[in-house]
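A.B. asks: The following comprises the amino acid sequence and a computationally predicted model.
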Amino acid sequence: MWLVVWIATLMACEATGASSWIDPDTPLDKRRTAALGSNPIDTKRRQRPPSTDPSAASTRRTDAPSSTADAEDEDEYELVFSDEFNVDGRVFHDGFDPKWTVMHKDDYTNYALQYYNGDMVRTSNGFLNISTVVEDIDYLVHDPQLPKPYRQRKHYQSGMVQGWDKFCFTGGVIEIAAQLPGEWHTAGLWPAMWLMGNLARATYVASSNNVWPWSYDVCSPEHLPYQTQQLVSACNRVQHFGMHAHQGRGAPEIDILEAMAGNETLAHTSVHRPYFSASYQVAPGKETYRPATGWRPDASQWYGHDVAYGPDADLNIFFYGQFLRGETASTSYVTDALSANRNLYATHYERTHVYRLEWQLADDDDGDGDGADSDSDSDGPRRRPRRREDSLSWYVDDELVYHVSGAALNETQATLPHEPMYLILNTAISATWGFPTPCPADQGCPCNCYDCRDPACACALPPNMCSLFPAAFLVDYVRVYQNPRDARQHLGCSPPRHPTRRYIDAKRGAYQHAGDSQPLLPIQRGGGACDSDADCGMAGRCVAPTDWATRWRRLTGGAFDAAWLFGAPTSSNPQATVNQQRRWARAERQCACGSTAAGVAFTGPFCQVPQPAAAARHDADDDSGAVYAPSLTPALWLLLALLFASSAGVVLFKHRHDRRAKAAVQRALHPSRASHPPHSAEPRPSGVLTTAMQRVTDWVAHGRRGHSAGSGSSAGGYQRVADHDDDERGAPRLELPRR
C-alpha cells in the first residue's frame, strides 16, 4: 500500500508543475505570425531598401508586427515557445532553469580567447544580458593525452547560453530581438545566434566529432569514404542506441547571425564592415574545385542555383567551409558553408532589431512529415498545407537576407536539416574573427599575445579593442512559431523519426565536463537564498530551511557552516560546482516555489521561470525524465519517511508475532522445557539486529540437526526428529522442515 502512495505522491508532485513553453509575458498580439512572402527564387517579392534611420528600430521593446506577409494563402504559425526575459535577476547555471543552461567552462574551438563564465549571463532591465569583460581567469585543463590536468589563463570572460536537450524544435519560424554588443566601428567581438542538431553539444568537441555538421541520408557505393567519415551512416544496418537502420544522422548548423564589427571597405564584394553572416554549415562538402577565400567563385564552382540574396546582402566570400582533420585520414572530411553577408549599421549596435529564420520542411512521399499513414492526431485532423520543398530563409526586420532551397545541395546529396535543433546565444572572441590577418610577425609582432591591456600586444589586436569592455549582448526576446496544421513541424529533442535520448545516455561522457556527474542536472525548484517573499518571484515564499545541514549550522552557531563544509563559490574560483552553489544558497532562508491562481507552476532557485508542461518537453520517444526530475518538498519527504517507518513497523511487528507464536507451540509440545530449560541454554540478547542474527543461527542449527538425524516424514509441514544433544530423554520435538 505504501508503494502505491509513494508513486501517487511522485505523480502529484510532477503534475503541480504543468505549464507550457510560452512565457506569460508574451503579448497576445505576438502569438501568431505568417511566412514573409513566397519563395524569392520563383516569385519576385516586394523588398524595401535597407534603413539606417534609428527611428525605424525600437528604443526599448521591439513592437513591430511579427509578420508583414499579405498573401492570402500563406499558412499561419502559432507561438509554441517564448522567453521575454522580463524577470530580472534570473541566472542559468546547470539545474537552475528549465529552458536554458549557461556554460561554465573553457571554449577551445575556433581559436577562442574567452572563457565562458556562468556569471556572465543573467537578466536585467527586461533583457537577457550576455556580458563580456577583460579580466584574467585561471582554470584547469583536462587533456586526455596527459596524465594530469594543468592550469591555464585567459584574459577575457564571456557568456554562452544554450537550450541543448531541453527545448528543441524541427521546422517553423524563430524570431530573436537583440542589440549587438560593442561598437559598430571596433572589431574584436563575435556575437552569434545559431542552431545546432541535438546530437552534438556546442563546445563539447567529443560529442561533435564526425557528427557536426553532417546532414546526409544516403548509402551510395560512389561515396564509400562517407561511411567512416559520418559517425551515424545510412549504411548502418544495425539499430544502435535506438537509432533507425539505414538512416544517416548528424548535427548540422544554422547561423542566424554572426556579427563582424569594424569600419572597412571590402574587396570583391558589395558588403562592408560591419556586417553579419547568415549561414548553413553542412557535410559532406565539395572536395575538389573549391573557391579561394576572399575571391568570388566561378558560376559552376559553388552553389549558384536555388539560392537568393536580399537587397543589402551578398555572397560570403570569406568563408566557404573547412577541412576537419580526424584521428585518421579515413575520419577526416570537408564541410561547406552556404553563406551570405548583410550590411550592418550603427543602429544595430544601439537598439534592438528583429532577426528571423523561416525553416520549411519538404513533404514526404505520402505528404506527411511524421511518416504516419494518417492525417490525424489526438487533437483531430490536420489539414495538409500545400506541397513545399526544404528551404531556409533569413530576415532582418522583415527584409530578406538570404534564401536556400533544398535543391541547391543536389550536387553533394546533402540535405537541409530535419534534425531536432536547439538555440545557442553567445559572444566569443577569436583570433580568426576581426583580428589582423595575417598577423605581422615579420615586423616583430608577438602574435601569441592577446591581452589588450598590454601595449606589446597591440599589433596583434584590432585597434582600440580594450574600449569595447565591458560589452553587453542584449536579447529582448526569443519566440518560436510552428504551423499547427503541418505535422512535419514539431517540438522535442528526441522525436520518433530522429531519436537522440538513448544515444546521448550511452555516450554521456562526451556531453559533460570533467568532474560532472551527468550532462544536465535535475531542475531545481526553490532553494535560493532570500530575505523576504519579494525575492522569490510571483509564486514563491521565503521560508526557513529544513535541511539538516542548515540546522547543524545553526545548532553549532556557525562554527561549521556551509563555507567550511562545501566552500563558498566565488568569481575567483571558476571550478566551484553547481552543487556547491546550491548548498551555499541553503545556508540562510530559502525560496519555496508554488503555483499561481491560474495553475502556472514556477521553478528555478528563485521561482522565476514557468515550468514547461510534461507533454511539451518530452515526445513519444523521450522516456527519460532525468533532466526534469520533480523536486520533492520537505513535507513530501517527511510523508515518505513516515510511510517507510510505518512499513518497517509492520514488518517488525509480524516478526515478533511469529516468534511468539512459535514459542507458544514449543511450550505446548514440551511443557518440561518451559520449567526446566536445557543446561546449554543461555540468555538471548535483545534488539532487532541481534534478534535477526540469532534467528539465522537457529535456522542453520536446526538444518544441521535434521540432516544428522536421518530421514523423517514432512508431509504435515513439520518434522519430528530425535534430539540427543539438548534432550537426554530423547523426546521428540517440533522443527521447521529442512530446506
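C.D. replies: Received it, and whenever you're ready, just let me know what you need. Residues are numbered from 1 along each chain as shown.

A.B. asks: which residues sit in contact with the spatially most central residue of the chain?
C.D. replies: Centroid-nearest residue in the chain: W164, 2.9 Å away (criterion: CA atoms, centre = their mean). Each residue near W164 by CB atoms under 8 Å, 6 or more residues apart in numbering is listed here: T101, M196, N198, R201, A202, Y422, I424, L520. Glycine gets a C-beta too; all of them are placed from N, C-alpha and C.

A.B. asks: Repeat that for I254.
C.D. replies: Neighbours of I254 in contact, by CB under 8 Å, 6+ apart: W194, L195, M196, S279, Y280, Q281, L357, W359, L392, P417, M421.

A.B. asks: buried set for the host helix or strand of it?
C.D. replies: Assigned by DSSP states H and E, I254 belongs to strand 253-265. Neighbour-count burial for strand 253-265, with 16 or more other CB atoms under 10 Å as criterion, is recorded at E253, I254, D255, I256, L257, E258, A259, M260, A261, G262.

A.B. asks: Pull the distance from that strand to the chain's centre.
C.D. replies: 26 Å (CA atoms, centre = their mean, to the nearest Å).

A.B. asks: Pairing partners for that strand, with directions?
C.D. replies: Sheet partners assigned to strand 253-265 using DSSP bridges are listed as strand 190-197 (antiparallel), strand 272-282 (antiparallel).

A.B. asks: Validate this expectation: the residue nearest to the centre of the chain resides in a strand.
C.D. replies: No: assigned with DSSP: H, G, I helix; E, B strand; the rest coil, W164 falls outside any strand and is coil.

A.B. asks: and it, how far is that from Q512?
C.D. replies: Using CB to CB, to the nearest Å, we find W164 at a distance of 11 Å from Q512.

A.B. asks: Repeat that for N209.
C.D. replies: According to CB to CB, N209 stands 15 Å off from Q512.

A.B. asks: Please apply the same query to D531.
C.D. replies: 34 Å.

A.B. asks: ok, those two, which is more surrounded?
C.D. replies: In terms of neighbours (other CB atoms under 10 Å), Q512 is the more surrounded of D531 and Q512; the figures are 18 against 10.

A.B. asks: I figured the more buried one hits L521, correct?
C.D. replies: No: in this structure, Q512 is not within contact of L521 by CB atoms under 8 Å, at 10.2 Å.

A.B. asks: Can you name the residues that contact the residue nearest to N426 when sequence neighbours are not counted?
C.D. replies: Computed as CB to CB, 6 or more residues apart in numbering, the closest residue to N426 that is not its neighbour in sequence is M160, at 3.5 Å. When contacts are counted by CB under 8 Å, 6+ apart, M160 touches 102-103, 107, 116, 121, 130, 202-203, 424-428.

A.B. asks: Would you mind pulling the contact partners of stretch 444-464?
C.D. replies: Under CB under 8 Å, 6+ apart, the answer for stretch 444-464 is 113, 134, 155, 186-188, 262, 431, 434-436, 439-441, 443, 465-466, 469.

A.B. asks: Just the buried residues of those residues.
C.D. replies: Applying 16+ other CB under 10 Å to the contacts of stretch 444-464, the neighbour count classes 113, 134, 155, 186-188, 262, 431, 434-435, 439, 465, 469 as buried.

A.B. asks: Among these, find the lowest-pLDDT one for me.
C.D. replies: In terms of pLDDT, the lowest of the buried ones among the contacts of stretch 444-464 is C439, showing 91.

A.B. asks: so who does it touch?
C.D. replies: Going by CB under 8 Å, 6+ apart, C439 touches A431, C445, C447, C459, A460.

A.B. asks: following the longest strand along the chain, which helix or strand comes up?
C.D. replies: Using DSSP state E to define each element, the chain has its longest strand at strand 127-141. As assigned by DSSP H and E, the chain's next helix or strand after strand 127-141 is strand 150-158.
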